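> Quick one: sequence and predicted model below, then my questions.
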Amino acid sequence: MKLIVGIGGMTNSGKTTLTNSLLRALPNCCVIHQDDFFKPQDQIAVGEDGFKQWDVLESLDMEAMLNTVQAWLSSPRKFARAHGVSVQPEALDTHILLLEGFLLYSYKPLVDLYSRRYFLTVPYEECKWRRSTRNYTVPDPPGLFDGHVWPMYQKYRQEMEANGVEVVYLDGTKSREELFHEVLEDIQNSLLNCSQESAPSSARPARPQGPGRGCGHRTARPAASQPDIV
Ligand SMILES: Nc1ncnc2c1ncn2[C@@H]1O[C@H](COP(=O)(O)OP(=O)(O)OP(=O)(O)O)[C@@H](O)[C@H]1O
Ligand SMILES: NC(=O)c1ccc[n+]([C@@H]2O[C@H](CO)[C@@H](O)[C@H]2O)c1
Ligand SMILES: [Mg+2]
């Protein structure tokens, strides 16, 4: 079973922190960070407001990100090995991919691939304060947060909601530990849910489907399960 889990949400809501904890706790778990797909600085458009438009989908090479997701889908075991993730023998049939980033649910070709979509939020003041403590590869010029970052966050979130994309909202002001345990437990329930769906119906109790919950990508299993050939 293959599960793609989105850890999305606004800037500085704690996505990378939560993702790193989940990565250590989940079996056969790989990660793709959307921030690794920013285009080079000289390809980032400058808006009428004078700001480099970092917080728009066009600033990311989403095709390259999708190709990376497809590489994982076609062989999660090979992908894991190539990324230094050792496959645990007791969970051979389970593969999890965490996608982490601030615009995960706005790119159409990706949006239906998720089994679960989380969306972290913090209040405006907290977000602005956390952001002011950060050092990005390209430092924020004065006024960027209110002039570009926050309005783009609002625009994409409104679009996502208008498009009916189902997400599980998470309160990013909770402690790191609380968020970690909440999401870990929820993903473990998804895994259980999905493994029961693939079991014969007589052995399967009825389970409600939560928001954004969908069962994983399954590949036809060969008669005798064999490791991928590299
Ligand atoms: N639950 C939390 N409570 C308080 N502070 C947190 C929490 N999680 C993360 N932080 C802090 O908030 C800041 C942003 O965290 P993090 O880098 O994980 O967010 P992000 O959503 O990945 O941000 P970015 O937009 O830069 O990708 C960091 O300084 C981090 O230490
Ligand atoms: N990673 C980068 O190259 C980069 C450069 C400039 C700004 N950012 C910011 O990262 C956030 C997403 O994590 C966005 O809000 C960007 O403004 C990233
Ligand atoms: Mg981050």
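Looks like it arrived, so ask away. Ligands and ions are numbered 1, 2, ... in the order given.
> in what helix or strand does Ser135 lie?
Quick fix: residue 135 reads Asn, not Ser. Secondary structure assignment for Asn135, by DSSP states H and E: no helix or strand.
> Next to ligand 1 in this structure, residues from this protein, please.
Selection of the chain residues close to ligand 1 by C-beta under 6 Å from any ligand atom yields 11-17, 35, 102, 130, 133-134, 172, 175-176, 179. C-beta here means a position set from N, CA and C on the backbone, and glycine is covered the same way.
> hmm, which two among the residues you listed are most spread apart?
Asp35 and Ser175 (23.7 Å; C-beta to C-beta).
> When the two are compared, which one has more neighbours?
Counting neighbours by other C-beta atoms under 10 Å for Asp35 and for Ser175 shows that Asp35 has the greater number, 13 against 9.
> Count the neighbours of the closest residue to that one other than its chain neighbours for me.
In this structure, Asp35 finds its nearest non-sequential neighbour in Gly101, 6.3 Å apart by C-beta to C-beta, 6 or more residues apart in numbering. Counted by other C-beta under 10 Å, the residues lying close to Gly101 total 22.
> So what does Gly101 have for phi and psi?
phi 170, psi 180 (degrees, to the nearest 10).
> next one: Leu60
Torsion angles, degrees, to the nearest 10, at Leu60: phi -110, psi 140.
> can you check Asp140 too?
The phi/psi pair for Asp140 (degrees, to the nearest 10) is phi -70, psi 120.
> List the residues that contact it.
131, 134, 149 (C-beta atoms under 8 Å, 6 or more residues apart in numbering).
> Which positions in the chain make contact with ligand 2?
So far as C-beta under 6 Å from any ligand atom goes, the chain lies against ligand 2 at 11, 35, 38, 54-55, 102, 136-138, 149.
> Check what pLDDT Pro222 gets.
pLDDT for Pro222: 43.
> Let me know the secondary structure of Ala71.
Classification of Ala71 using DSSP: H, G, I helix; E, B strand; the rest coil returns helix.
> My guess is Leu26 contacts Glu185. True?
No: counting by C-beta atoms under 8 Å, Leu26 sits too far from Glu185 to count as a contact (11.6 Å).
> for the chain, what's the longest strand?
strand 2-9 (DSSP state E).
> Which secondary structure elements does it sit against?
Judged by 3 or more C-beta pairs under 8 Å, 6 or more residues apart in numbering; DSSP states H and E, strand 2-9 is in contact with helix 15-25, helix 62-74, strand 95-100, strand 116-121, helix 176-197.
> Specify the angle between it and helix 62-74 in degrees.
Strand 2-9 and helix 62-74 meet at an angle of 150 degrees, taking axes from the mean of the first three to the mean of the last three C-alpha atoms, to 10 degrees as the criterion.
> next one: strand 2-9 to chain centre, how far?
4 Å (C-alpha atoms, centre = their mean, to the nearest Å).
> I'd like to know which helix or strand in this structure has the lowest mean pLDDT.
Taking mean pLDDT, DSSP states H and E as the measure, the chain has helix 176-197 as its least confident helix or strand, at a mean of 92.
> Counting by contacts, list what that one packs against.
Against helix 176-197 (3+ C-beta pairs under 8 Å, 6+ apart) you get strand 2-9, helix 15-25, strand 116-121, strand 168-171.
> Now with 10 Å, please.
Helix 176-197 is packed against strand 2-9, helix 15-25, strand 95-100, strand 116-121, strand 168-171, with contacts defined by 3 or more C-beta pairs under 10 Å, 6 or more residues apart in numbering; DSSP states H and E.
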